[in-house]
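Enquirer: Below is the structure, and that's it, no one-letter string:
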DNA sequence: CACTCCTTTTTGATTAATCAAAAATTATAC
DNA sequence: GTATAATTTTTGATTAATCAAAAAGGAGTG
């Protein structure tokens, strides 16, 4: 059985490598997990010895197929749990990430299978992220960043790529939740801002915030 | 935050001390947790230093009020989770103990509160064990051991005090689940056995097995 | 009171995960 | 092509939890 720590490293590697495409640097890995680079190096070695990652010293790490499969399953557990907490236990979407972060390491496959059934085999979690299927298939929808959209463009919110509770609360309070349709009113490159029509109200976001909102074009 | 290990020691101490009445020996504690006596001694010291237990070297341990409160909350979490897994996720009653053993250490108070609500504030878990209330009240119903019942006595199964999956499967297959009404047909001290009428069938149990079934007298 | 038995505690080692700080390596700059 | 900066790796220490085995303590027997 894998430790929670190992699972967290695998998950971070999956995310940072773009589903396992590019090598991840020790520094980025360490930063994303909030540990020192030395700690990351030593765990990378452990993963490499276990056949879960491939390490070229000084040139980064990459998950092996086995490591990637395990990581995808952790992500699957995480996202099913999140949706379960929102849909069945009626928790707020901004608090489930932290909770799922804990649960993902201890729930059995049996429990996940039953949650999956109860939720009627969902494919998207509360933040718009895809739920990998049980066989390990993990498809990312092609999406655009809101910050890149042109004026007048109508879009549908696809996902919020920030799990920070207060950002999620803010987004929700302005109708920026997955599925919502909004329209880009103005875009000002110099002001580093974009103004949207959402929910009967107008709201202006800086590009940094707008970057965290991924959308699909409408019409 | 307490580690899972500490929570498991507290829980074991609560159980072995009869809700905190009598001192627990290092050996019994170690046996119940499947560790060596030396490990138990060292954890007992840790608990004592943290003010969670009271240790008289060579004369056993006892939880402090603070330790007992924490232990009761672990038990509450465990039992709500068990019931949740059976009633909401429709798991088998013989598999939920192991699952709850893991989950009890990571679910937040928030999740427990929501499960509690969804289950409509239950007081008994799937095995007939009482669920401590959120304020720490923990009442044991006065029950009898089936092995002590007289011939002709009609009783209702109150709880099964054995979490072993195969024993639970066996009990269930003969209708020995909490709430079921059965009648003692014969009792043979020398044969160390008791024969019951349950579920349209007659079944004979040795006293050791009958000891694991607690009942309430009927009529 | 001394001897034996059983239990408990102590001691010393091990494993997983971490950090701080030193050492090594790669990349960059001139 | 050496010096400098940045990153990565190594080293040595620490913490929690464990075990095996040695040492100590308590209780009962004669």
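Expert: Looks like it arrived, so ask away. No experiment lies behind these values; they were computed from the predicted model shown.
Enquirer: What is the burial count for residue A:102?
Expert: When neighbours are defined as other C-beta atoms under 10 Å in any protein chain shown, residue A:102 has 17 of them. Using the backbone N, CA and C atoms, a C-beta is placed for each residue, glycine as well.
Enquirer: any idea which helix or strand carries it?
Expert: According to DSSP states H and E, residue A:102 maps onto helix A:96-103.
Enquirer: which neighbours does the helix-or-strand element of chain A with minimal mean pLDDT have in its sheet, and in what orientation?
Expert: Here the helix or strand of chain A ranked lowest by mean pLDDT, DSSP states H and E is strand A:144-145, holding a mean of 91. If you go by DSSP bridges, strand A:144-145 pairs up with strand A:213-217 (antiparallel).
Enquirer: Now do the same for the helix or strand encompassing residue A:42: mean pLDDT, whole number.
Expert: Element membership of residue A:42, judged by DSSP H and E, is helix A:37-49. Average pLDDT, helix A:37-49: 98.
Enquirer: From the contact counts, what lies against the helix or strand following it?
Expert: Per DSSP H and E, the first helix or strand lying C-terminal to helix A:37-49 is strand A:53-55. Applying 3 or more C-beta pairs under 8 Å, 6 or more residues apart in numbering or on different chains; DSSP states H and E, we find strand A:53-55 packed against helix A:37-49, strand A:61-63.
Enquirer: if we can go back for a sec, quick one: contacts of the least confident helix or strand of chain A?
Expert: A:155, A:210, A:211, A:213, A:214, A:215, A:216, A:217 (C-beta atoms under 8 Å, 6 or more residues apart in numbering or on different chains).
Enquirer: Of the residues you listed, just say which sits nearest to DNA strand D.
Expert: Each of the contacts of strand A:144-145 was checked against DNA strand D using C-beta to the nearest atom of the strand; the closest is residue A:211, at 21.5 Å.
Enquirer: give me the number of residues near the closest one?
Expert: Other residues within reach of residue A:211, judged by other C-beta under 10 Å, total 15.
Enquirer: Contacts only, for the nearest residue to it once chain neighbours are set aside.
Expert: Counting by C-beta to C-beta, 6 or more residues apart in numbering or on different chains, the nearest residue to residue A:211 once its immediate chain neighbours are dropped is residue A:147, at 4.9 Å. Residues near residue A:147 by C-beta under 8 Å, 6+ apart: A:194, A:207, A:210, A:211.
Enquirer: same check, this time on residue A:162
Expert: Counting by C-beta under 8 Å, 6+ apart, the residues that residue A:162 touches are A:168, A:212.
Enquirer: likewise the one 4 residues further on?
Expert: Contact criterion C-beta under 8 Å, 6+ apart gives residue A:94 as the residues in contact with residue A:166.
Enquirer: sorry, back to before: can you tell me which of the contacts of residue A:147 has the most neighbours?
Expert: Counting neighbours by other C-beta under 10 Å, residue A:194 leads these with 24 neighbours.
Enquirer: Just confirm that residue contacts residue A:183, I think it does.
Expert: No. With contact defined as C-beta atoms under 8 Å, residue A:194 and residue A:183 do not form a contacting pair (11.1 Å).
Enquirer: Spell out the secondary structure type for the residue sitting furthest away from the middle of chain A.
Expert: In chain A, residue A:190 marks the outermost C-alpha relative to the chain mean, sitting 29.5 Å out by C-alpha atoms, centre = their mean. Going by DSSP: H, G, I helix; E, B strand; the rest coil, the secondary structure assigned to residue A:190 is coil.
Enquirer: for residue A:203, same thing?
Expert: strand.
Enquirer: Give me the neighbour count for it.
Expert: Per other C-beta under 10 Å, the neighbour tally for residue A:203 reads 18.
Enquirer: Next one: it, what pLDDT does it get?
Expert: pLDDT, read off for residue A:203, is 94.
Enquirer: Distance check, it against residue B:17.
Expert: In this structure, residue A:203 and residue B:17 are 59 Å apart, going by C-beta to C-beta, to the nearest Å.
Enquirer: can you check residue A:207 too?
Expert: 61 Å.
Enquirer: ok, now residue A:135?
Expert: 48 Å.
Enquirer: quick one, which of these two is more surrounded?
Expert: More crowded of residue A:135 and residue B:17, by other C-beta under 10 Å: residue B:17, with 21 against 8.
Enquirer: Could you check the longest helix along chain A and say which residues are buried?
Expert: Assignment by DSSP state H gives helix A:65-87 as the longest helix of chain A. Buried residues in helix A:65-87, counting neighbours by 16 or more other C-beta atoms under 10 Å in any protein chain shown, are found at A:67-86.
Enquirer: residues from chain A in reach of DNA strand D?
Expert: A:25-28, A:37-38, A:40-42, A:44-45, A:55, A:57-58, A:60 (C-beta under 7 Å from any atom of the strand).
Enquirer: are any of the residues you listed buried, and which?
Expert: Looks like the residues of chain A next to DNA strand D have A:25, A:26, A:28, A:40, A:41, A:44, A:55, A:60 buried, using 16+ other C-beta under 10 Å.
Enquirer: between these, which is nearest residue B:4?
Expert: Ranked by distance to residue B:4 (C-beta to C-beta), those are led by residue A:40 at 24.6 Å.
Enquirer: mind listing what that closest one touches?
Expert: A:9, A:26, A:27, A:29, A:30, A:33.
Enquirer: Pull the contacting residues for the fifth one.
Expert: Residues counted as contacts of residue A:30 (C-beta under 8 Å, 6+ apart) are A:36, A:37, A:39, A:40.
Enquirer: For the one helix or strand residue A:184 maps to, list every residue counted as buried.
Expert: In the assignment (DSSP H and E), residue A:184 maps to strand A:181-188. Residues of strand A:181-188 classed as buried by neighbour count (16+ other C-beta under 10 Å): A:182, A:183, A:184, A:185, A:187.
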